[in-house]
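A.B. asks: Task: produce atomic coordinates for the following.
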Amino acid sequence: MELQRAGPVAKGRLAGLSAGAQPERVLVTIMFTDIVGSTERAVELGDGAWHRLLGQHNALVRRRLAEHRGEEINTTGDGFVAAFDGPGRAIHAARAIREDVLEVGLEIRAGIHTGEGERHDGQISGIAVHLAARVAALAGPSEVLVSGTVRDLVAGSGLRFEDRGVTALGDLGVWRLFVARPPATG
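C.D. replies: Reported below is the predicted structural model:
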């Protein structure tokens, strides 16, 4: 009996994927940002003015990502998805972005989680990304909300956190969340 191949998908399943096609598993800190009230603001300003303001926002975010060694993964229209090699850098970047965009009349919310994900073709995927998105969705205006994992990983950094309590994140389980506060001065 002769084995027939139905095309590239069937061939890939039978022969296995090449080593280059395999996603790389990495430990990564994911940050989601979102402009608070973006639709209302766009309606208030009109398309042209909103587009210019959004361009300012994007430039400010990209500058802070570069400064804190963040990698832009995607934009969401009125926000960013970025990856960092450490949670402290992500927190500092999010706090700096928050301050920068306030100066141009915008307010953001940010959510950060650290976990293992898959890197493939410049993208990051996996449960860690879903968790970061859920954390961001729960952040209030001007808040940088982080998972308990992030808080635990930056122990000893001088960063401070306000306990937001335990929250169910749908199918992703129950997580303790924290609002990142400025480092103590003194």
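A.B. asks: C-alpha only now, for contacts and for neighbours.
C.D. replies: Noted.
A.B. asks: If you count residues, where's the longest helix of the protein?
C.D. replies: In the chain, with assignment by DSSP state H, the single longest helix is helix 47-67.
A.B. asks: How far off centre is it?
C.D. replies: Here the centre of helix 47-67 is set off from its chain's centre by 17 Å, with CA atoms, centre = their mean, to the nearest Å.
A.B. asks: C-terminal to it, what's the next element?
C.D. replies: Going down the chain from helix 47-67, the next helix or strand is strand 71-75, by DSSP states H and E.
A.B. asks: Next, the angle strand 71-75 makes with the longest helix of the chain.
C.D. replies: 160 degrees (axes from the mean of the first three to the mean of the last three CA atoms, to 10 degrees).
A.B. asks: average pLDDT for helix 47-67?
C.D. replies: Summarised as a single mean, pLDDT over helix 47-67 is 97.
A.B. asks: Quick check, central residue of this protein?
C.D. replies: Centrality entry for the chain: nearest residue to the mean C-alpha point is Met31, 2.2 Å, by CA atoms, centre = their mean.
A.B. asks: what secondary structure does the closest residue to it other than its chain neighbours sit in?
C.D. replies: Nearest non-adjacent residue to Met31, counting by CA to CA, 6 or more residues apart in numbering: Ile112, 4.5 Å away. When classified by DSSP: H, G, I helix; E, B strand; the rest coil, Ile112 comes out as strand.
A.B. asks: Please apply the same query to Glu40.
C.D. replies: Quick answer, by three-state DSSP: Glu40 is helix.
A.B. asks: sorry, back to before: can you tell me how far the residue nearest to Met31 is from Glu40?
C.D. replies: Per CA to CA, to the nearest Å, Ile112 is found 25 Å from Glu40.
A.B. asks: neighbour-wise, which of these two wins?
C.D. replies: Neighbour totals were compared for Ile112 and Glu40, and Ile112 leads with 36 against 10 (other CA atoms under 10 Å).
A.B. asks: Quick check: the more buried one touching Ala137?
C.D. replies: No. Contact criterion CA atoms under 8 Å: Ile112 and Ala137 do not qualify, at 10.6 Å.
A.B. asks: Not counting its neighbours along the chain, what's nearest Arg95?
C.D. replies: Val144 (6.9 Å).
A.B. asks: gap between that neighbour and Val150?
C.D. replies: Distance from Val144 to Val150, by CA to CA: 12 Å.
A.B. asks: ok, now Gln22?
C.D. replies: Computed as CA to CA, the Gln22 to Val150 distance reads 27 Å.
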